[in-house]
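1. model the following, please.
(2 chains)
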Protein chains: 2
Amino acid sequence: MPIDLAAEAAGNIIRAPGVRIERIVSKGHTSPESGWYDQDENEWVMVLQGSGTLTFEDGSTAHLSKGDHIQIPAHCKHRVSWTHPNQLTIWLAVFYR
Amino acid sequence: MPIDLAAEAAGNIIRAPGVRIERIVSKGHTSPESGWYDQDENEWVMVLQGSGTLTFEDGSTAHLSKGDHIQIPAHCKHRVSWTHPNQLTIWLAVFYR
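-> As a prediction, the model looks like this:
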């Protein structure tokens, strides 16, 4: 079951009662368009390819390159403030309760 | 939080009530030493680096290279029957109920 690196922007890989695994592709854009992600679930995210920066509500940032990963507790407001402009950035995100 | 590619054979990244994320490193060896993995949890596993082959109790196999992933239901007996002999193989495994 290979991963197609040029596929859709976000795809569910696993959706089970307590856990959801998503593959998210971004290129030179930030998200969400305005405001913050404010999620009921904890998130663990790893960069599989490319690089990106997360910004948190307190102003802190985390720059993640390939292989880097970070844990984001539920309701820790965050956004993707930068991704590599010329390269696809592929995130693997695990959401869990 | 970068991943040290030369680190220990298996490390917990996340351990929460319903989900466990592990990074597992293997090189040219199979596991378990004898018998099968027979787990109470579902497992989703992706190869981050290298390549390996899983063999299932029914004799079927799955060869996974970088970026490939597979879902293994709870109690689906399996083993790692081959990993690349000259290269570290790094697995990212998500175990969930």
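
2. chain A: strands as residue ranges?
-> Applying DSSP state E to chain A gives strands spanning A:10-15, A:19-26, A:42-49, A:51-56, A:61-65, A:69-72, A:78-83, A:89-96.

3. switch those strands over to a markdown table; also include mean pLDDT.
-> Shown next, in a markdown table, are the strands of chain A (pLDDT from 0 to 100):
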| stretch | mean pLDDT |
| --- | --- |
| strand A:10-15 | 86 |
| strand A:19-26 | 94 |
| strand A:42-49 | 97 |
| strand A:51-56 | 97 |
| strand A:61-65 | 97 |
| strand A:69-72 | 96 |
| strand A:78-83 | 95 |
| strand A:89-96 | 96 |
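
4. out of the ones you listed, which one sits most buried?
-> Among those, strand A:89-96 has the highest mean neighbour count (mean count of other Cβ atoms under 10 Å in any protein chain shown), at a mean of 22. Using the backbone N, CA and C atoms, a C-beta is placed for each residue, glycine as well.

5. any chance of the strands of chain A in CSV, plus distance to B:His69?
-> Below are those laid out as CSV (distance: least, Cβ to Cβ, whole Å):
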stretch, distance to B:His69
strand A:10-15, 7
strand A:19-26, 9
strand A:42-49, 11
strand A:51-56, 21
strand A:61-65, 20
strand A:69-72, 16
strand A:78-83, 22
strand A:89-96, 9
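
6. so which of these is nearest B:Arg79?
-> strand A:10-15 (21.8 Å; Cβ to Cβ).

7. from the contact counts, what lies against that closest one?
-> strand A:19-26 (3 or more Cβ pairs under 8 Å, 6 or more residues apart in numbering or on different chains; DSSP states H and E).

8. quick one: list the elements packing against the strand it packs on.
-> Contacts defined by 3+ Cβ pairs under 8 Å, 6+ apart place strand A:19-26 against strand A:10-15, strand A:89-96, strand B:89-96.

9. and A:Gly50, what does it touch?
-> Residues in contact with A:Gly50, defined by Cβ atoms under 8 Å, 6 or more residues apart in numbering or on different chains, are A:27, A:66, A:83-84, A:87-90.

10. up against chain B, what does chain A have?
-> Residues of chain A found near chain B (Cβ under 8 Å from any Cβ of the partner chain) are A:1-3, A:5, A:13-14, A:16-19, A:21, A:42, A:44, A:46, A:48, A:65, A:67-71, A:92, A:94, A:96-97.

11. cheers, nothing more for now.
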